[in-house]
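> pasting the sequence and the predicted coordinates here, then a few questions.
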Amino acid sequence: MKIAIIGTGYVGLVTGTCFAEMGTEVYCIDIDAKKIENLKQGIIPIYEPGLEDLVHRNQEAKRLHFSTRLTECLDEIEVLFCAVGTPPDEDGSADLRYVLEVAHTIGQSINKYILVVTKSTVPVGTAQKIKAVIQEELDKRGVAVDFDVASNPEFLKEGAAIKDFMSPDRVVVGIESERARKLMTKLYRPFLLNNFRVIFMDIPSAEMVKYASNAMLATRISFMNDIANLCELVGANVNMVRKGIGSDSRIGQRFLYAGCGYGGSCFPKDVKALMKTAQKNGYHMRILEAVEAVNNDQKAILFHKLHAYFNGELKGKTIALWGLAFKPETDDMREAPSVELITHLLASGCQVRAYDPIARDEAERRLGDKIVYARDIYDAVVEADALMVVTEWKEFRLPSWTVVHKLMNHPLILDGRNIYDKTELKENGFTYYGIG
């Protein structure tokens, strides 16, 4: 079976590589000539554990190809996935210009049946827009070519994307025809031999599933952060509260961890886009408006704790940050709490010394020389007046507190991910503040 993936960003590259690993011949297409040339040379544009090895292996096996020209493979493929970006527009809605550009190209170029599958996260109704654009281009050409559209939203967690794709807990597919159903069943069967978990539905429902899933997870995070902030005021321990409510089978344990806010490429963008879709249809998503407001406030919570501790006298203070990426196992800093936190610190006259095991290059691209980039966790805390833990990387879990204490000017720790034991740190001579 031969397929094409348009867009070699995070979703497109992982999708194409994993399909190739299961024996499908895959053409990954992107208009960025430099990125394609780098991929041909084995240079991966993103960090994702295990991805580089899979790309190299499938290139060598000649199952994974990279090109800037879709027309080179259109006559050979059966399925074409659109995985181009849908960045937030100025008003928060999803920008569909790249998706519709792909649709124009398809309509201008196809000569035989093809199934066009939207992998990008797009608002409800996008598949119909794609269908209309393709048909419009076919009509301009005066040709009749059969095609189908489908929706196949991705549910990849950055840092665990390979596992998520290879062993999915569900595959959601929106279709309009039996022909499309058979093609998608054939394509996904190798991944699901033991327990076939493809959920077929209508296309609008499939398009909504991705937004609704991310909105629910974001809601749980903001809910727990709201509870954590109340816990601090009334003297409760949010970790105990989490265990108590998480043991209820109707609620469960996942995404109930308080912290300094969510970030990344999905939750912030998808929450905004879903609210915008509602507004366009005359409805206000009041819960999601609160979810976003809580998260925006939460990103500054470590700064507010620092500000209160030093009574607002922050000018000249050196602040160490452990973690810059929005979560572990990725270099992604989109909407990362660290970015807003650093903005507040610099505006208050602080010097920032930061360490992240993966995201340094991305941080330098975004922040330039505004902060000092440390070699490791201990270099970051040299002469620091406070340590802020922003990303819960594994290597941060068991530092030598004796060394940290000796290197710091002031033994203050602000734990934005609640990964440390307050009693243990007090015994080691630190002043400790977590979340909730």
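That came through fine. Residues are numbered from 1 along each chain as shown.
> in the host helix or strand of residue 406, what counts as buried?
Using DSSP states H and E, residue 406 maps to helix 401-407. For helix 401-407, burial by neighbour count (16 or more other CB atoms under 10 Å) applies to 401, 404, 407. (C-beta placed from N, C-alpha, C; glycine too.)
> quick one: the nearest residue to the first one once chain neighbours are set aside and residue 324, what's the gap?
What that stands for is residue 401. Nearest residue to residue 401, sequence neighbours excluded (CB to CB, 6 or more residues apart in numbering): residue 428, at 4.2 Å. Noted for residue 428: a distance of 25 Å to residue 324, by CB to CB, to the nearest Å.
> circling back: ok, now which ones touch the residue nearest to residue 401?
Counting by CB atoms under 8 Å, 6 or more residues apart in numbering, residue 428 makes contact with 401, 402, 405.
> by contact count, what packs against the helix ranked longest in the chain?
Longest helix of the chain, by residue count under DSSP state H: helix 203-234. Applying 3 or more CB pairs under 8 Å, 6 or more residues apart in numbering; DSSP states H and E, we find helix 203-234 packed against helix 126-141, strand 147-151, strand 171-174, helix 238-246, helix 267-280, helix 286-298.
> how far is it from where the chain is centred?
15 Å (CA atoms, centre = their mean, to the nearest Å).
> and the closest residue to residue 74 other than its chain neighbours, how close does it get to residue 200?
Counting by CB to CB, 6+ apart, residue 74 lies nearest to residue 109, which is 5.4 Å off, once chain neighbours are set aside. Counting by CB to CB, the gap between residue 109 and residue 200 amounts to 28 Å.
> what ranges does the stretch 251-400 of the chain have for its strands?
In the stretch 251-400 of the chain, strands defined by DSSP state E, counting those that start in this stretch lie at 318-322, 351-355, 372-373, 386-389, listed in chain order.
> those: which one's closest to residue 44?
Closest to residue 44 of the strands of the stretch 251-400 of the chain, according to CB to CB: strand 372-373, at 21.8 Å.
> which helices and strands does the closest one pack with?
strand 351-355, helix 360-367.
> what packs against the longest one?
In this case it means helix 360-367. In this structure, helix 360-367 makes packing contacts with helix 337-347, strand 372-373, judged by 3+ CB pairs under 8 Å, 6+ apart.
> nearest to residue 168, of the ones you listed?
Using CB to CB, the nearest of those to residue 168 is helix 337-347, at 28.6 Å.
> can you give me the buried ones in that closest one?
For helix 337-347, burial by neighbour count (16+ other CB under 10 Å) applies to 337, 338, 339, 340, 341, 342, 344, 345.
> so which elements touch it?
Counting contacts by 3+ CB pairs under 8 Å, 6+ apart, helix 337-347 packs against helix 301-309, strand 318-322, strand 351-355, helix 360-367.
> residues making contact with it?
Against helix 337-347 from outside (CB under 8 Å, 6+ apart): 260-263, 298-300, 302-303, 306, 314, 319, 321, 323-326, 333, 352, 354, 363, 366-367, 370-371, 388, 390-391, 416.
> can you flag the buried ones in these?
If you count burial by 16+ other CB under 10 Å, the buried members of these come out as 260-263, 298-300, 302-303, 306, 314, 319, 321, 323-326, 333, 352, 354, 363, 366-367, 371, 388, 390-391, 416.
> related to what we said a few turns ago, as JSON lines, the helices and strands packed on strand 372-373 with mean pLDDT would be great.
Compiled in JSON lines, these are given as follows (pLDDT from 0 to 100):
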{"stretch": "strand 351-355", "mean pLDDT": "98"}
{"stretch": "helix 360-367", "mean pLDDT": "95"}
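> tell me the domain boundaries of this structure?
Using automatic domain parsing, the domain ranges for the chain come out as 2-201, 211-297, 299-433.
> from the opening residue of the first one to its closing one, how far?
This means domain 2-201. 24 Å (CA to CA, to the nearest Å).
> so where's the stretch 101-250 of the chain shaky on pLDDT?
By pLDDT under 70, the low-scoring segments of the stretch 101-250 of the chain are 194-196.
> and with 90 instead?
Within the stretch 101-250 of the chain, the stretches with pLDDT under 90 are 120-121, 156-158, 167-170, 189-198.
> how about the stretch 251-400 of the chain?
254-256, 264-266.
> quick check, residue 353 in contact with residue 318.
Yes: when contacts are counted by CB atoms under 8 Å, residue 353 is listed as touching residue 318 (6.4 Å).
> give the residues shared as contacts by these two.
With CB under 8 Å, 6+ apart, residue 353 and residue 318 have common neighbours residue 384.
> tell me which residue is most central in the chain.
Nearest to the geometric centre of the chain sits residue 265, at 3.9 Å (CA atoms, centre = their mean).
> wait, what's in contact with it?
Residues in contact with residue 265 (CB under 8 Å, 6+ apart) are 10, 158, 332, 334, 335.
> ok, now with 7 Å
Going by CB atoms under 7 Å, 6 or more residues apart in numbering, residue 265 touches 10, 332, 334.
> got it, and residue 381?
Applying CB under 7 Å, 6+ apart, the residues near residue 381 are 320, 387, 404, 407, 408.
> and it, how far is that from residue 159?
25 Å.
> and residue 133, by the same measure?
Distance, residue 133 to residue 159, using CB to CB: 35 Å.
> specify the beta-bridge partners of the closest residue to residue 354 other than its chain neighbours.
Nearest non-adjacent residue to residue 354, counting by CB to CB, 6+ apart: residue 321, 4.0 Å away. Beta-bridge pairing for residue 321 (DSSP bridges): residue 354, residue 388.
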